[in-house]
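**Q** task: produce atomic coordinates for the following.
(3 chains)
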Amino acid sequence: MTQQHPFLALTDSDREEMLGAIGVGTVDELFRDLPEAVRLGRELRLEPPLSEQEVYAHVAALAERNADASRELSFLGAGIYDHYVPAVVDTILQRGELLTAYTPYQPEMSQGVLQAIFEYQTAICELTGMDVSNASGYDGTSVAADACYVAKHATGRSKVVVTEATNPQVRQVVRTYAAGFGLEIVEVPHRNGTTDPDELERAAVDAAAVIFQQPNFFGCLEPAPDLVARATEAGALPVAHVDLLSLGVLEAPGRYGAALALGEGQAAGNFPSFGGPHYGVLAAREEFIRRMPGRIVGETVDTARERGYVLTLQTREQHIRREKATSNITTNQTLLALGGLVYLTWLGPQGLRELGETCLSLAAYAKQRLAEQAGLECVFAGQTTFKEFAVRVGRNAREVVAAARERGVHPGYALGRDYEGMDDVLLVAITERRTPDEIDRLADVLAEVAG
Amino acid sequence: MKLIYEKSQAGRRASALPRYENLPSPPELPEELRRSEPPRLAEVPEFELVRHFTELSTRNFGVDTGFYPLGSCTMKYNPRINERLAALPGFARLHPLQDEDGAQGALELMWRLQEILAEVTGLHAVSLQPAAGSQGELTGLLLVRAYFAARGEAEQRRTVVIPDTAHGTNPASVTMAGYELTPVRTDARGNIDVDDLRGKVDEHTAALMLTNPSTVGLFDENIEEIERIFHGVGALMYYDGANLNAVCGISRPGDMGFDIVHINLHKTFSQPHGGGGPGGGPVAVRESLEPFLPVPAVVQQDEGRFGLEYDRPQTIGKVRGFTGPFGVFVRSYAFLRMWGPRLREMSEVAVLNANYVLARLKEAYDLPFDRLCMHEFVLSARTLKREHGCTALDVAKRLMDYSFHPPTIYFPLIVPEALMIEPTETEAKETLDAFCDAMLAIVREAGEEPELLKEAPHHRPVKRLDEVRAAKRPVVKYGFEEHPDAKGEPKVAAAEAPKGV
Amino acid sequence: MAAAESYPDDLKYHEEHDWARVEGEEAVLGITWFAGDALGELVHFEPLEVGSSVTRGQSYGEVESVKAVSDVVAPLSGEVLEVNQAVVDAPETVNEDPYGTGWLIRIRLSDPNEPGALLDADAYRQLLADQ
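**A** Sure, this is the predicted structure:
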């Protein structure tokens, strides 16, 4: 007799009683509709079940084999950042009522999550200067594909322009989706780290959307208002891919005319977690509200005229509009977006601005310290950067990374994989968690290992 | 309850950030790029923040709160050890671009999870990248596209066949993948209508998308014939894994003839739903489709070394950043290791629980398909509506007063007044009995005092909400302008705003 | 307040639950009480542009309730002369007065013989009874 599994409750006598009520003799009889040929007919070839203590030991041992940011001084960024996540985020995300609830289809059971999403939507609209935000997309890449779908249907055009200085993973995901959407993707090269508005304008002719990143993948500040104006001029929807944590110091994309604003939410309230789960931010001007993919929460009243919240405009969604839906998304990233809301509320407007200023100052210090070292050179020297910048290290950057890691420092992301002619360039990210002493250490190590 | 923005007072804050001395002053930002007006985030002290979200949590209901038989959603218990493991710094603070030799534990975990999912689905290769079931569907259909393109049949294969019981995601995914939808009917026993199917599958067919057991909770008895029809014309078979919880260790999609499967880690394998997400939608495929899977692939190299493979010339590309929602993998991996081969027992109990509830309720409600069910079943409140004017919605709302989360309602579309019930393996017989007692009591109430149903719920933080009002003139963010004095009680202003007609 | 069920005798009907009031070379189009009742209170009508053309039997727009969305099928072909702004602003007007203030569009007929093919009120009532 096997031991009762801790995640089950039925006793032997429960099973007997239940089978009796159903009118069958054995559990096997419940599966009588399955043709013999499609049955497995043997035990699954899996390792024997582990107890909680055993699974902890096994999985924790796997975790021990990773060089995470608590073991190695890391300057990796490139879209995922080691910002501090305050304890209140953990506390609230571990509330079982929020953690273990489904999508709030039944609003009277789900006012907590619904109000939280409404507050999240408000925060995203405030940060981006947009009129409507959805309850989240999967991540910062898939929301760019979502924006293409919105733009395709809003403009009736079938070309999308993406700047080369946009995160390569965003561009790759957009290309993958484009195969299904029937979209042509055109890239506009960067010139010395930013996008040339004239070149962008030429590419934008007949485009449904123009996607650019601010700050861009190299950390440089794009002439965003000019890019938006040129896209608009060409009749394309300007789409800004933004870092939420830059928006205490950088202008809201809605203020300079972007049609949609999107981004990777991870930096605001989520751990890097080897790439996910995180949340994709997607916000738009009001005119696109009925084209938005995903859940949207709206305010209403109950029969006693008390204020409450519901999922709204659901006729956009797949469960009602089916093949004509604005997207197929159902499960989203609500819990991570809730982490974002808690984090942004923890920061407050003052904290957000201070955080941006601290990143700017620390990054400026890092640029200065690295530039002082022989063999290192800032690549786009004239450009204003936010918290990330590219530095030439005089030899293959992947070798530099390996050598630096032997000294306990991960100096950044080697750009050669994504950009031709940049095999000797590192992308260095500085968050508020990197102290000046740590930046000094980076400078020392890079000076030692650079070519 | 007030919004966090209505608790805000200028000058308060929950955060204190580090201040570094003797740094250079930040670079001057060009004026046109500089923030012109600060965002109106809430300004509250830390304890107010905790109290606010704690109060919100008390206005929410999760599996931790009670029974949650939401059909097709598999609301099972989410073990707490999963949370502890996902939060370990070795995972939580690991950067996705860390070099492979600094991420061996993470890569090994993913590789092991792939191996387990391949065995459970009976297929050859797995990509963990898709972020959710619906993204798994799209990934699967893009694999179909790439497969036929490689065979020179891209132009010829235009249609994807979907039964009328399918989740709405299936047809939406078909459109997003650039295919045309061919719907197929359900027969009187709840199977695909094979006669209808035969006339619709030909050399233009790219694929079938099927959930099996279906959304009415029934295993398709003709699955072998269906397999012959599709593979006979060279089309592929896609398995929507939404209902995999019924058949783990009993029947594998690969053995049923499916070529591509997506798995919902947040349904079958215990990733908490989080009020809407995150999820995980890994895709498993037959060997012939492996070259098209997303990159990078997580592979075992020699001597227990694990790595990422980017060089796959026929890949569809990337559908999401990096290698997928890793934290979800940690949870599902731990869950699967705690079950091992006993997964079969998990599915058996899920099916036993569903059949028991069905047996207790089928006399009191209408039953569209009178068969043994799998892990879920669909009832109809048609008679209640005809005789007492009480709808499936009314039954759902009244269940809340008995402290149960309602089942899925009005789905699938082919059953009027549908109530779709999925108890999962988690629940004790006492809980199932209490739920059945409530469902039976509600039928009596509909006859004796229908207003009890129509005005329900009576004991939730809010009464029935006006969804028409929300949709007609959408208010989707806080109106700071309409509430100049954020300290004031907002209810009156919000509730009595004129409808504006 | 939703209107009571009715199918006026002076209108022509299309089997997809749309009606037409022919006025010389022009016609006013809308959806029937049955369609409005089946959908529930309408919350959105996506209007088309004046000057565009509609084709008999084909969709010229969408009406939405909270839980459903439905194509609106043109019972007659023609050029759009006017869109009912009252319905765009307050879609529930269709439920309240489907044949009066709840009309959707006015068109100039492209084929004067088309109305002859539509159902009269009795035939439409019979169609509903048969469903």
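**Q** any idea how far the closest residue to C:Asp18 other than its chain neighbours is from chain B?
**A** Setting aside the residues directly before and after it, C:Asp18 is nearest to C:Pro75 in space (Cβ to Cβ, 6 or more residues apart in numbering or on different chains), at 4.8 Å. Where you see a C-beta, it was placed from the backbone N, CA and C, and this is true even at glycine. Distance, C:Pro75 to chain B, by Cβ to the nearest Cβ, to the nearest Å: 25 Å.
**Q** ok so C:Pro75 is a helix residue?
**A** No. Assignment of C:Pro75 by DSSP: H, G, I helix; E, B strand; the rest coil gives coil, placing it outside any helix.
**Q** got the contact list for it?
**A** Neighbour list for C:Pro75: C:Lys12, C:Tyr13, C:His14, C:Glu16, C:Asp18, C:Trp19, C:Ala20, C:Leu29, C:Arg56, C:Leu118 [criterion: Cβ atoms under 8 Å, 6 or more residues apart in numbering or on different chains].
**Q** let me know the closest of those to A:Gly180.
**A** C:Glu16 (30.6 Å; Cβ to Cβ).
**Q** and stretch A:398-414, what's its mean pLDDT?
**A** The pLDDT scores in stretch A:398-414 average 98.
**Q** residue ranges for the strands of chain C, please.
**A** Using DSSP state E, the strands of chain C run over C:12-14, C:18-23, C:26-31, C:44-46, C:53-54, C:59-64, C:69-73, C:78-83, C:105-109.
**Q** low-confidence regions, chain B specifically.
**A** Residue ranges of chain B with pLDDT under 70: B:484-501.
**Q** show me which residues of it sit near chain C.
**A** B:Tyr410, B:Glu467, B:Val468, B:Ala471, B:Lys472, B:Val501 (Cβ under 8 Å from any Cβ of the partner chain).
**Q** same list (those residues) but as TSV, adding neighbour count and secondary structure.
**A** TSV is the format used below for these (neighbours: other Cβ atoms under 10 Å in any protein chain shown; DSSP: H, G, I helix; E, B strand; the rest coil):
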residue	neighbour count	secondary structure
B:Tyr410	19	coil
B:Glu467	21	helix
B:Val468	18	helix
B:Ala471	25	helix
B:Lys472	23	helix
B:Val501	10	coil
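**Q** which of these come close to chain A?
**A** Near chain A, by the rule Cβ under 8 Å from any Cβ, you find B:Glu467, B:Ala471 out of the residues of chain B next to chain C.
**Q** flag every residue of the stretch 301-450 of chain A that's near chain C.
**A** Counting by Cβ under 8 Å from any Cβ, the stretch 301-450 of chain A sits next to chain C at A:Gln314, A:Thr315, A:Ile320, A:Arg321, A:Lys324.
**Q** wait, the third one sits on C:Ser65?
**A** Which is A:Ile320. No. Using Cβ atoms under 8 Å, A:Ile320 makes no contact with C:Ser65, being 9.7 Å away.
**Q** who's more crowded, the two?
**A** Legend: neighbour count by other Cβ atoms under 10 Å in any protein chain shown for A:Ile320 and C:Ser65, higher for C:Ser65 (23 against 19).
**Q** thinking that one is in contact with C:Leu42, fair?
**A** Yes. Contact status for C:Ser65 versus C:Leu42: in contact at 5.6 Å, counting by Cβ under 8 Å.
**Q** what does chain C put close to chain A?
**A** Applying Cβ under 8 Å from any Cβ, we find that chain C lies next to chain A at C:His44, C:Glu46, C:Glu64, C:Ser65, C:Val66, C:Lys67, C:Ala68, C:Val69.
**Q** test my guess that the last one contacts A:Ile320.
**A** This points to C:Val69. Yes. Under the criterion of Cβ under 8 Å, C:Val69 makes contact with A:Ile320 at 6.0 Å.
**Q** quick one on the thing from earlier: among the residues of the stretch 301-450 of chain A next to chain C, the buried ones, what's the ChimeraX command?
**A** Only the buried members of those enter the following ChimeraX selection, criterion being 16 or more other Cβ atoms under 10 Å in any protein chain shown:
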select /A:314,315,320,321,324
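**Q** nearest residue to B:Leu117 other than its sequence neighbours?
**A** Leaving out its chain neighbours, B:Leu117 is closest to B:Val126 (Cβ to Cβ, 6+ apart), at 4.9 Å.
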